[in-house]
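Visitor: fold the stuff below for me.
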Amino acid sequence: MIAERWMKYHNISFKAELEKTTHDYILTNGLTIDVKTKDRTVRPKSDYDNSAPLYNHSHQKPDYFLFISLERNKDNKINDITKFHTAYILGAISYTELDKIGIPFLEGEKDWRNGTKFWTDCLNVEMWQLIPLRESIDIFRGIINSPTSQANININLVNEMRSRIKNNQLRQRDLPSIPFNGGN
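Guide: Next up is the predicted model:
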């Protein structure tokens, strides 16, 4: 509902295909979008994670993921959409870039940075890695074909994960490759 209202507001023409498991929307320019939401009790910040579950990552390959944070009061335990008081459209990332730079967190692990316990394996990117909203709108409307820059790898997080894996604090997993930059 939030994504549809946002797309209509920004004159992004779409067709809902919510019954499909590969994506949620197809745009008139042919792009497919899958919406990912996160339940939060605080306003999102640029270093907060956005997650795409890995259980259907090999099957669900939209052109772009659109991330939305839904905020509720911490003590609100209602189990329906009315518990949320604010929605934040955060930005998008292509499937290809998420696959390239996303950091895998595994089921049962706890993120030491924020205490999140993962209920399933996920690929995470931080908000600062997403395509900014203005560019996301332009891509979705077909004004531009791709973002003006590629998403950067979270080098500090990759290095911390490698250290934690080496020290047996986390299980082994594939991590994004950090490009060699000539020693800088």
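Visitor: all contacts plus neighbour counts: C-alpha atoms, from now on.
Guide: Noted.
Visitor: spatially central residue in the chain, please.
Guide: Residue closest to the mean C-alpha point of the chain, counted by CA atoms, centre = their mean, is residue 50 at 3.8 Å.
Visitor: helix/strand/coil for that residue?
Guide: Recorded secondary structure, residue 50: strand (DSSP: H, G, I helix; E, B strand; the rest coil).
Visitor: tell me the spacing between it and residue 8.
Guide: Separation of residue 50 from residue 8 (CA to CA, to the nearest Å): 23 Å.
Visitor: do residue 20 as well
Guide: 21 Å.
Visitor: with residue 129 instead?
Guide: 25 Å.
Visitor: of these two, give the one with the bigger neighbour count.
Guide: The neighbour count for residue 129 versus residue 8, taken as other CA atoms under 10 Å, is higher for residue 129 (23 against 12).
Visitor: so what's the residue count around the nearest residue to the more buried one once chain neighbours are set aside?
Guide: Nearest residue to residue 129 in three dimensions, chain neighbours excluded: residue 151, at 5.4 Å (CA to CA, 6 or more residues apart in numbering). For residue 151, the tally of surrounding residues (other CA under 10 Å) stands at 18.
Visitor: got any ranges where the chain has weak pLDDT?
Guide: Low-confidence segments of the chain (pLDDT under 70): 181-184.
Visitor: sorry, back to before: surely the residue nearest to the centre of the chain touches residue 127?
Guide: Yes: the criterion here is CA atoms under 8 Å, and residue 50 meets it with residue 127 at 6.7 Å.
Visitor: and residue 72, bridged to which residues?
Guide: residue 84 (DSSP bridges).
Visitor: right, and it touches residue 82 too?
Guide: No: applying CA under 8 Å as the test, residue 72 and residue 82 come out as separate, 9.1 Å apart.
Visitor: between the two, tell me which one has more neighbours.
Guide: Remark: of residue 72 and residue 82, residue 72 carries more neighbours, 21 against 9, as counted by other CA under 10 Å.
Visitor: distance between the ends of stretch 18-31?
Guide: For stretch 18-31, by CA to CA, the gap between its terminal residues amounts to 15 Å.
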